[in-house]
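Q: Coordinates for the following, if possible.
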Amino acid sequence: MTHSFASFNDSSKFNQKLVVGIDIGTTKIACVVGKINAAGKIEIMAIGKAVSEGVRRGVVMNIDQTVASIKEAVAKVEAQCDIKVNRVNVGIAGQHIKSIQQPGIYTRKDLSQEISVEDVQALKDDMMKIHVPAGESIIHVIPQEYTVDMEGGIKDPVGMAGARLQANFHIITGSMPAIRNIYRCVELAGLEVGELTLEPLASSASVLTEEEKEAGVALVDIGGGTTDIAIFYDGLIRHTAVIPFGGNVITDDIRNGCHILSKYAEQLKTAYGSALQSETKNAKVVVSGLKGHAPKEITLSFLSGIIESRMKEILDLVHFEIVRSQYERKLIGGIVLTGGGSQLKHIRQLVEFTTGLSCRIGAPTEHVINFSRMDELVPALATGLGLVITGEERAGVSYTDPLLLVDEEPGAVMQEVPQPALDYSTMGSFTFEDVLATLNKNEETQARVEIENEFEKFEHAETQEALVVEEPRQVSQSEETQEEETVVEPKGKSRKPSNKIDILGWLQNFMEQDDATK
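A: Sure, this is the predicted structure:
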């Protein structure tokens, strides 16, 4: 498999390696093109965005609309930097995402050598074979801490000596139909899927620092359809969760509470919305009504009250997931908010009041250099930029491919053999006589095969009898009577009529039966 994501149309730039990430979200589809320099920093080449029409709560609901939005976003980045995109890293989220903790053990065969990368990979491959519920597929197998011969707390066991390698894994699974729909949309857009990455993991790569991951931090990505959570401690991922509520739920509340159209509700939320009603001035906003109806006056205090009520509900679910992870008292870095929902006014104060943890707004500028339009790197682009970073880190590594059906033998892939298409235009010209002629032809072919098989059996029996050498023995009276019935052939070979195959009689019977059937 090639690992080239895009290529310049200018032949003088062919040696530059580009990475493309595409975030298929509920409200927008963002495509980001960048390259990683030697220092691990990302240089953004182009950003393309399109309105997402076929996705709801992180799950593809309309294939055609999603494909059209992907093509639009990709076309924008291709026009900006004169490239041709052929492969993309894709993010996945949704309520179907689940995470489990699973231990794994691998016993090494060659104890004279130190633990190698192949041994660690073999342990990961074994974890890919664990049982998951029907209809689900493993997306990520993330090792946390290793244990070598009862010595625990090891982050990197490569180079150590030991017989038994053990580790605790954080395994992330997703719905197989949802995964296949994402692959289908990308392929119909004329692209190839490079890596399928959980969106909160991608967002953490572009927003969080290594110090925050080491100290303990909870990343909360408030998107349009879902709210994604990823908790880090000691530099390792400890817990992931997806809450099926996001910014679209707030927009629906405003639409129903103020009795206005959805497009006006979204504009009010982004322009005047606040997460704290007490911090909002009692001003009024006039929204145009339907044709023939008077405009509506909406107070900002009432608008903020609707937003605060729904945001408190979402943040209570976030706090519940943090408590359930059992890392609430270990998060020195507190909570880092990102995503489009983090751009609400006074959201940071509401988070700190609801959860009791410190909070900051995370923009995807942590690892970006040489980009003149830094103000465009809003938190809503965190996932797209993170897909570029994670795709570069894991280029060439593929733990699973949900679209391939693997046979019982390792490495054998079952491929569907294309069947020739039927020509229905000629089927109407067949008559009853044509069918009879075809059946007679098939009967003749079958009879010819049966006759040839019988002749082969007959010749084989003749050859075996010619090789038999009889020893002299005493002949009884009954045997003398049987010898009188033997047939002597010109070549001196004798055979018993009761044991030979009457081929001529068989042919005669066959022809009589064939005539009777006709």
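Q: low-scoring stretches of this protein, by residue?
A: 1-4, 6-16, 392-518 (pLDDT under 70).
Q: Can you classify the spatially most central residue of it by secondary structure?
A: Taking C-alpha atoms, centre = their mean, the centroid of the chain lies closest to residue 179, which sits 4.3 Å from it. Under DSSP: H, G, I helix; E, B strand; the rest coil, residue 179 falls in the helix class.
Q: what does residue 89 give?
A: strand.
Q: Excluding chain neighbours, give the residue nearest to it in space.
A: Computed as C-beta to C-beta, 6 or more residues apart in numbering, the closest residue to residue 89 that is not its neighbour in sequence is residue 391, at 3.7 Å. The C-beta positions use only the backbone N, C-alpha and C, and glycine is treated the same way.
Q: Now do the buried residues in the helix or strand hosting that neighbour.
A: Here residue 391, judged by DSSP states H and E, is contained in helix 382-393. Neighbour counts over helix 382-393 (16 or more other C-beta atoms under 10 Å) mark 382-392 as buried.
Q: Tabulate those (JSON lines), appending distance to residue 352.
A: Shown next, in JSON lines, are these (distance: C-beta to C-beta, whole Å):
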{"residue": "382", "distance to residue 352": "20"}
{"residue": "383", "distance to residue 352": "24"}
{"residue": "384", "distance to residue 352": "28"}
{"residue": "385", "distance to residue 352": "26"}
{"residue": "386", "distance to residue 352": "25"}
{"residue": "387", "distance to residue 352": "29"}
{"residue": "388", "distance to residue 352": "31"}
{"residue": "389", "distance to residue 352": "28"}
{"residue": "390", "distance to residue 352": "29"}
{"residue": "391", "distance to residue 352": "34"}
{"residue": "392", "distance to residue 352": "34"}
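Q: tell me which of those residues is nearest to residue 345?
A: Lowest distance from residue 345 to the buried residues of helix 382-393 (C-beta to C-beta) belongs to residue 382, with 19.1 Å.
Q: So which residues of the chain form helices?
A: For the chain, the helices defined by DSSP state H cover 63-81, 117-127, 176-188, 199-207, 210-215, 247-258, 262-272, 300-324, 347-355, 382-393, 432-467, 477-483, 503-517.
Q: re the thing from before, what helices or strands is the helix holding residue 391 leaning on?
A: Helix 382-393 makes packing contacts with strand 19-24, strand 28-36, strand 42-51, strand 87-92, strand 192-198, helix 199-207 when contacts are defined by 3 or more C-beta pairs under 8 Å, 6 or more residues apart in numbering; DSSP states H and E.
Q: what inclination does it have with respect to strand 19-24?
A: Put simply, helix 382-393 runs at 140 degrees to strand 19-24, going by axes from the mean of the first three to the mean of the last three C-alpha atoms, to 10 degrees.
Q: Make 288 the first number, not 1, from now on.
A: Will do, 288 is the new start, and the previous item becomes helix 669-680.
Q: If you compare the directions of helix 669-680 and strand 315-323, what angle comes out?
A: If you take the same axes, to 10 degrees, helix 669-680 sits at 40 degrees to strand 315-323.
Q: where's helix 669-680 relative to the chain centroid, distance-wise?
A: 17 Å (C-alpha atoms, centre = their mean, to the nearest Å).
Q: One more: stretch 555-568?
A: 39 Å.
Q: Dump the C-alpha coordinates for that stretch into CSV.
A: The C-alpha trace of stretch 555-568 is given here as CSV (Å, rounded to 0.1, in the frame of the first residue of the first chain):
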residue,chain,number,x,y,z
LEU,A,555,-28.1,33.8,17.4
LYS,A,556,-26.1,31.1,19.2
THR,A,557,-22.7,31.9,17.5
ALA,A,558,-23.1,35.8,17.5
TYR,A,559,-24.9,36.5,20.8
GLY,A,560,-25.0,33.2,22.8
SER,A,561,-23.5,32.9,26.3
ALA,A,562,-23.2,30.0,28.6
LEU,A,563,-24.0,32.1,31.7
GLN,A,564,-27.3,33.9,31.9
SER,A,565,-26.2,36.0,34.8
GLU,A,566,-23.3,37.5,32.8
THR,A,567,-25.6,38.6,29.9
LYS,A,568,-27.0,42.1,29.4
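Q: What is the end-to-end distance of stretch 368-387?
A: In terms of C-alpha to C-alpha, to the nearest Å, the two terminal residues of stretch 368-387 are separated by 42 Å.
Q: For that stretch, buried residues please.
A: 368, 370, 372, 374-386.
Q: With only the CA atoms kept, save stretch 627-634 in PDB.
A: Below are the C-alpha coordinates for stretch 627-634, written out as PDB (Å, rounded to 0.1, in the frame of the first residue of the first chain):
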ATOM      1  CA  GLY A 627     -17.000  24.500  18.000                       C
ATOM      2  CA  GLY A 628     -19.000  24.400  21.200                       C
ATOM      3  CA  SER A 629     -16.000  25.800  23.100                       C
ATOM      4  CA  GLN A 630     -16.300  29.100  21.300                       C
ATOM      5  CA  LEU A 631     -19.400  30.100  23.400                       C
ATOM      6  CA  LYS A 632     -18.900  33.000  25.700                       C
ATOM      7  CA  HIS A 633     -18.400  32.300  29.400                       C
ATOM      8  CA  ILE A 634     -18.100  28.500  28.700                       C
END
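Q: Please enumerate residues in contact with that stretch?
A: With C-beta atoms under 8 Å, 6 or more residues apart in numbering as the test, stretch 627-634 has contacts from 314, 507, 509-511, 514, 533-534, 537, 556-557, 560-563, 566, 594, 598, 624, 648-649, 665-667.
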